[in-house]
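> here's my sequence, what's the structure:
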Amino acid sequence: MKEKLFVLCLFMLFVSPVFAQCPNASPADVGVDVLIPERLMFDNDVDNLGNWEPYTSAFGDGTLALAANSESNPPQENTERVVVAFFNNDNSVVEVPGFYSGVNPAVSWDGNNDTNRQNGNPPRIACDKRPGATKYLVGNECTPWDFPALFPNWGSGFGYAATVGCTQLLQKSGNTPVPISPVIDPTYGTATSGSQIGHIRFGGEIRALSNGNFICVVEDRSGEFPGATGNVPVGSILDGNTGQKIGDSFSTNLTDPSFGDIWSGVAAFNGGFAVKPDMGASGNKIFFWNNAGTAQGEWERIVRMDPNDPLPPANGNTSSISQGGRGDGFRIDSDIRSNYIYFAGRGIDATGTGEAGVYVTKISAQTRQTVKEAYVTQEFTAQPDRVNVCADENDNVFVCWNDSSNTGMPQVIGRFYDSNLDPLTECFLVFESSEANPGEVVDGFTVNAPSCAMINGRVLVTARVSDNAVVGTKYVGQDQIATVLKVPGQSSVKNWDKY
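Numbering: from 1, shown residues only. Okay, here's the model as predicted:
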C-alpha cells in the first residue's frame with residue numbers, strides 16, 4: 001500500500017500544477033450543512049453485482065428518494081430485485097420494496113426479478129413533484145413474462161424473450177408503498193403481435209410531468225419499433241392515476257426516428273419534457289415536447305472550442321459541453337415549475353484541454369435557446385467523469401461528478417448555483433469519507449456514477465463504490481452510498497401556497 005501511495009504522490013507532483021485539486025475537502029468547508037450523513041444502502045452482507053448505482057428523485061411533499069438494485073429477499077447471490085429508499089423530511093431513512101407482483105392485496109416482488117441479465121442497467125424512479133404529491137413511478141429491467149405464476153396475465157400477445165424495461169405506479173402512504181398499477185411493459189405491453197429480438201433497456205429515463213402524468217423513455221433494442229434500423233429511444237406517456245399508457249409510443253429522436261441510443265437524458269419542465277438522445281444520432285440536438293407528447297422544437301448544440309471565447313450564449317456559441325455518445329457522462333434536468341432545463345457535462349478547460357472542464361448550460365424550454373452557462377471547475381484543474389445535475393422549485397442547481405484530481409481515485413465533487421447560475425458555493429468533495437490528498441489516503445475511498453435530486457432545501461446525492469476499490473476501505477466494490485445536504489441559503493420548510 002505504501003508503495004502505491006508513493007507512486008501516486010510522485011504522479012500527482014509530476015503532472016499537476018498548483019491548485020490542481022478540488023480545494024475544499026468537505027461540505028463544511030464551503031458552509032454546507034450535512035442533514036443525513038453518508039450511509040451504506042441496502043446492506044445485506046452479499047456483494048452487489050455491477051452497474052447497480054442508485055438513481056434519485058424528489059416528491060412534492062419534500063421527501064427525497066432513490067431506486068437501486070439489490071439481491072432477492074432473503075439474499076441470494078446472482079439475483080436482482082429493485083428496491084427504493086425514502087429520505088424523509090425529519091431526516092429518517094426507510095428502505096422498502098420496489099416492485100409488487102400483487103396490487104390488491106399488495107405483494108412485494110421479493111424474488112429474483114430478472115432471469116436474463118442480473119447485472120443489467122440500474123433502475124429509475126420518478127416522483128410526482130407537485131406540491132404535497134406522493135405518487136411515484138419505478139422503472140427497472142426485468143422479465144415478468146418468465147414468471148407466469150406471479151404475472152399470469154402479462155402482456156397482450158407480444159412475444160417476449162429478453163429483458164424488458166418495465167414500470168409500476170405506486171403511492172407513498174407514510175413510509176409504506178401502495179401499488180396502484182401492476183408491473184407493465186410501457187412500450188409493447190398492449191401490443192397484440194410482434195416478438196422481441198433484443199433487450200428493451202433503461203437505457204432511458206422516467207420523469208413525472210407537471211400535469212401529474214409520467215414520461216417513460218427506453219432504449220428499445222427489440223427490433224420491433226416501426227422502421228427501426230438499430231436501437232431506438234422510444235417514449236411513452238403514462239397516466240398519473242392508473243400507470244397505464246396513453247396513446248402510442250413514439251421515437252424521441254426527431255432527427256432520425258429509426259435510430260439512436262440513450263442513457264438517462266430526460267427532464268420534465270413546466271408544461272413539457274426534454275429528451276437528450278445519443279448526440280451523434282440526434283445531430284447534436286435536445287428535443288422538446290409538451291405534456292401530451294407533441295413535439296415543440298429542438299435545441300442544437302454548437303460547441304465552444306476556444307477557451308478565449310466568452311462563455312455561451314455570446315458569439316452564437318450554444319454550449320461548452322463537447323461530449324458525444326449516448327449520454328452516460330452528461331445529463332439534463334429541470335423542475336416542473338421551471339421554464340428552463342440544465343445541461344451538464346464536460347468540455348474544454350481554461351487551457352483548451354478537451355473535456356477537462358465541467359460546465360452547466362441553462363436552456364430556455366420555450367425558445368430553445370441558450371440563456372447562460374457556468375464554468376463549474378474554473379478554480380482548479382479537474383479530472384472529471386460522469387457529470388450529473390439537478391434543479392429544484394426555485395431553479396437552484398446542483399452539479400456533481402466523479403473526479404480523480406485529489407487522490408488519483410474517483411470521488412464525487414459538487415457545486416451549488418442559484419437561478420442565475422451564479423455560484424452559491426465553491427466546488428467541494430461531497431462524501432464524508434472523501435480523502436483530500438494523496439499523502440492522506442487511508443481507505444482509498446473510490447466512488448463513481450453520482451446521482452442527485454433536490455427539493456425543499458435538501459439535496460440527495462448518491463454514488464456507487466468502484467469495483468476496484470482499494471482493500472481496507474470500509475466499503476466493498478459496488479456498495480451503494482447516499483447523503484443529504486442542505487441547499488445553501490434555503491429553508492427546509494417551504495410555503496407551497498406561492499405555487
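> switch to C-alpha atoms for all contacts and neighbour counts from now on
Will do.
> residue ranges of the strands in the stretch 201-350 of the chain, please?
All strands of the stretch 201-350 of the chain, identified by DSSP state E, counting those that start in this stretch, fall at 214-220, 232-238, 245-251, 266-269, 272-275, 285-290, 295-300, 331-333, 340-347.
> out of those strands, which comes closest to residue 358?
Proximity to residue 358 (C-alpha to C-alpha) singles out strand 340-347 among the strands of the stretch 201-350 of the chain, at 4.6 Å.
> quick check: angle from the closest one to strand 285-290?
Angle of strand 340-347 versus strand 285-290, following axes from the mean of the first three to the mean of the last three C-alpha atoms, to 10 degrees, is 160 degrees.
> ok now strand 340-347, how far from the chain's centre?
On the basis of C-alpha atoms, centre = their mean, to the nearest Å, strand 340-347 sits 13 Å off its chain's mean C-alpha point.
> list the contacts of it.
With contacts defined as C-alpha atoms under 8 Å, 6 or more residues apart in numbering, strand 340-347 is touched by 267, 269, 274, 320-323, 329-335, 354-366, 384-391, 399.
> burial count for the closest residue to residue 487 other than its chain neighbours?
If the residues on either side of it in the chain are set aside, residue 487 comes closest to residue 457, at 5.0 Å by C-alpha to C-alpha, 6 or more residues apart in numbering. Using other C-alpha atoms under 10 Å, residue 457 is surrounded by 20 other residues.
> any idea how far residue 457 is from residue 169?
Residue 457 sits 26 Å away from residue 169, going by C-alpha to C-alpha, to the nearest Å.
> same deal with residue 424?
36 Å.
> more neighbours, the two?
residue 169 (29 against 20).
> which SSE is the more buried one in?
In this assignment (DSSP states H and E), residue 169 forms part of strand 164-173.
> now for the strands of the stretch 201-350 of the chain, which one comes closest to residue 463?
Smallest distance to residue 463 across the strands of the stretch 201-350 of the chain (C-alpha to C-alpha): 15.3 Å, for strand 331-333.
> okay, now the sheet partners of that closest one, with direction.
strand 340-347 (antiparallel) (DSSP bridges).
> could you point out which element follows the strand it pairs with?
Taking DSSP H and E, what comes next after strand 340-347 is strand 357-364.
> what's in contact with that following strand?
Contact with strand 357-364 is made by 319-321, 339-350, 369-378, 381-384, 387, 399, 421, as judged by C-alpha under 8 Å, 6+ apart.
> hey, what's the closest residue to residue 288 other than its chain neighbours bridged with?
What sits nearest to residue 288 in space, not counting adjacent residues and going by C-alpha to C-alpha, 6+ apart, is residue 274, at 4.4 Å. Beta-bridge pairing for residue 274 (DSSP bridges): residue 267, residue 288.
> my guess is residue 274 meets residue 254, correct?
No. With contacts counted by C-alpha atoms under 8 Å, residue 274 stays clear of residue 254, the gap being 11.8 Å.
> angle of the strand holding residue 169 against strand 214-220?
Strand 164-173 runs at 160 degrees relative to strand 214-220, counting by the same axes, to 10 degrees.
> could you look up the SS state of the closest residue to residue 37 other than its chain neighbours?
Once flanking residues are discounted, residue 37 sits nearest to residue 483: 5.4 Å by C-alpha to C-alpha, 6+ apart. Following DSSP: H, G, I helix; E, B strand; the rest coil, we place residue 483 in the strand state.
> ok, which stretches of the chain are helices?
Along the chain, counting by DSSP state H, helices occupy 2-15.
> what's in contact with the strand holding residue 169?
By C-alpha under 8 Å, 6+ apart, the surrounding residues in contact with strand 164-173 are 99, 134-143, 177-186, 199-202, 218, 240, 242-243.
> sorry, back to before: look at residue 274 and residue 254 and report which has more neighbours.
Here residue 274 and residue 254 are compared on neighbour count by other C-alpha under 10 Å; more neighbours surround residue 274, at 27 against 20.
> and residue 124, what does it touch?
So residue 124 contacts 55, 56, 67, 68, 138, 139, 140, 202, 205, 206 (C-alpha under 8 Å, 6+ apart).
> what's opposite it in the beta bridge?
Here residue 124 sits in beta bridges with residue 139, as judged by DSSP bridges.
> quick check: it vs residue 135, distance?
14 Å.
> hang on, isn't residue 157 packed against residue 192?
Yes. Applying C-alpha under 8 Å, one finds residue 157 in contact with residue 192, separated by 4.2 Å.
> distance check, the spatially closest residue to residue 417 that is not a sequence neighbour against residue 377.
Excluding the flanking residues, the one nearest residue 417 by C-alpha to C-alpha, 6+ apart is residue 423, at 4.3 Å. In this view, residue 423 and residue 377 are 11 Å apart by C-alpha to C-alpha.
> neighbour count for these two, which is higher?
Between residue 423 and residue 377, counting by other C-alpha under 10 Å, residue 377 is the more crowded of the two (24 against 18).
> identify the residues contacting that one.
357, 358, 359, 427.
> same thing with residue 187?
218, 234, 235, 236, 249.
> worst-scoring helix or strand of the chain, pLDDT-wise?
helix 2-15 (a mean of 36; mean pLDDT, DSSP states H and E).
> show the buried residues in the contacts of strand 357-364.
319-321, 339-350, 369-377, 381-384, 387, 399, 421 (16 or more other C-alpha atoms under 10 Å).
> you'd agree residue 267 is up against residue 209?
No. At 9.0 Å, residue 267 does not count as touching residue 209 under the criterion of C-alpha under 8 Å.
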